[in-house]
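J.: Need a 3D model of the following:
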Amino acid sequence: MTIKPLSFTKMKTTPIADRKVDSEGMDFAAPYRAGSGLENFLCSLPNLGCAADLFRLRDAIVAAHRHKHQVILACGGHVLDSGLGPLICRLIEQRIISGLALTGAALEQDVEIAILGQTVSPRDRELSAGNYCLTEETGCLINDAINYGVTENWGIGKSVGKRLLESEFEHLDHSIVATAERYGIPVTVHPAIGADAFGMHPAAHGESLGSAGFRDFRLLAGMLAESSHGVVVNVASSVIMPRVLLQALDAARNVGKSIEDLSTAVIDPAASSSAITDVVARLSQPDGQGYWLSGPDEILLPLLFASVLEALGDEII
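T.: Residues are numbered from 1 along each chain as shown. Below is the predicted model:
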């Protein structure tokens, strides 16, 4: 059989006036003029795609702050590894963030920043010796704090925060856990046994980790129970935090709490489909709005909160 090229002479066309408008000219990007400041830079961005979602998320955070609703930041380890700790500390001090939820990896990074003022990774010879990120000082501090904290009925976040504040480390001003404890902001930590290095440290006790971790999950559920008209932003965690957030919200609703108009977001260039489904779609249901900002957190998180501070102006501390 011989195949002939298809003739397009009878192809039907549509008048441009009948087409749906995707974007207005007013939404297009404008040239930025050097030296004109952050506000003009933000105005130069297109009100389309990821930029439009960033503006909508900004507006939700601004509204939540003005009406004293929850703004919860959930972080994976990459957030601290990207050098965003000082930014988050300042947002805590300014009362922009009302709660933190961290993975175990984020906790480890934050403690090492408090101790050293920098992040670390294992040398090749340590990897071959089975010492992947099993840092002595980090594991001792975290586990000693947890083991004592359970006797006071504290969760992991509070236990480590108090221990850091009792220390004489030079870099506590860069620790989000220490800063949150100093300002009375709740911090929850959600460890993964077998995945977090401090859980394999000789000072670790499963009973303490389980008890303190369970208390932090209950605290997160309590935070989400009060999150109506608030915002939850999940940054750089595609596995642990999305599921923990969803389960905590489900727990709050299961015991009769009504959560309305919750704005949610994922900031992660490589977010998993489950993270997008859990946080962007399910967490914001039934009447909220979810966003996926699919870019690097080390750029988007500073840009997001710079736009928030610019909008709030003299309202911030």
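J.: Okay, helices next: where are they in the protein?
T.: Counting by DSSP state H, the chain has helices at residues 38-44, 49-66, 77-81, 85-93, 104-116, 124-128, 136-149, 156-166, 176-182, 206-225, 240-254, 273-275, 297-312.
J.: can you tell me which of those comes nearest to Pro191?
T.: Distances from Pro191 to each of those were compared using CB to CB; the shortest belongs to helix 104-116, at 4.0 Å. Bear in mind the C-beta positions are built from the backbone N, C-alpha and C, glycine included.
J.: relative to helix 85-93, how tilted is the closest one?
T.: For helix 104-116 against helix 85-93, the angle between stretch directions is 100 degrees (axes from the mean of the first three to the mean of the last three CA atoms, to 10 degrees).
J.: Could you list every helix and strand in contact with helix 104-116?
T.: Taking 3 or more CB pairs under 8 Å, 6 or more residues apart in numbering; DSSP states H and E as the contact definition, the neighbouring helices and strands of helix 104-116 are helix 77-81, helix 136-149, helix 156-166, helix 176-182, strand 187-190.
J.: how does it look with 7 Å?
T.: Secondary structure elements in contact with helix 104-116, counted by 3 or more CB pairs under 7 Å, 6 or more residues apart in numbering; DSSP states H and E, are helix 77-81, helix 136-149, helix 156-166, helix 176-182.
J.: Now the longest one: buried residues?
T.: By neighbour count on 16 or more other CB atoms under 10 Å, the buried set for helix 136-149 is 138-139, 141-147, 149.
J.: now the residues you listed as JSON lines including pLDDT?
T.: Listed next are those as JSON lines, based on pLDDT from 0 to 100:
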{"residue": "Thr138", "pLDDT": "89"}
{"residue": "Gly139", "pLDDT": "88"}
{"residue": "Leu141", "pLDDT": "95"}
{"residue": "Ile142", "pLDDT": "95"}
{"residue": "Asn143", "pLDDT": "93"}
{"residue": "Asp144", "pLDDT": "96"}
{"residue": "Ala145", "pLDDT": "97"}
{"residue": "Ile146", "pLDDT": "97"}
{"residue": "Asn147", "pLDDT": "96"}
{"residue": "Gly149", "pLDDT": "97"}
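J.: Can you tell me which of the helices of the chain is nearest to Tyr291?
T.: Evaluated with CB to CB, those place helix 49-66 nearest to Tyr291, the distance being 4.3 Å.
J.: ok, Phe28 to Asp22 distance?
T.: Relative to Asp22, Phe28 is positioned 11 Å away (criterion: CB to CB, to the nearest Å).
J.: same deal with Gly35?
T.: In this structure, Gly35 and Asp22 are separated by 33 Å, where distance is defined by CB to CB.
J.: With Gly194 instead?
T.: When Gly194 is compared with Asp22 (using CB to CB), they lie 48 Å apart.
J.: Isn't Ser263 up against Gln285?
T.: No - proximity of Ser263 to Gln285 does not meet the contact threshold set by CB atoms under 7 Å, at 11.9 Å.
J.: quick one, which of those two is more surrounded?
T.: More crowded of Ser263 and Gln285, by other CB atoms under 10 Å: Ser263, with 25 against 12.
J.: How about the more buried one, nearest residue that isn't a chain neighbour?
T.: With sequence-adjacent residues excluded and distances taken as CB to CB, 6 or more residues apart in numbering, Ser263 is closest to Ala60, at 3.8 Å.
J.: residues near the one you found, how many?
T.: By the criterion of other CB under 10 Å, Ala60 has 25 neighbours.
J.: Format the helices and strands packed on helix 104-116 as CSV; extra columns: distance to Lys12.
T.: Below are the helices and strands packed on helix 104-116 laid out as CSV (distance: least, CB to CB, whole Å):
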stretch, distance to Lys12
helix 77-81, 50
helix 136-149, 67
helix 156-166, 62
helix 176-182, 59
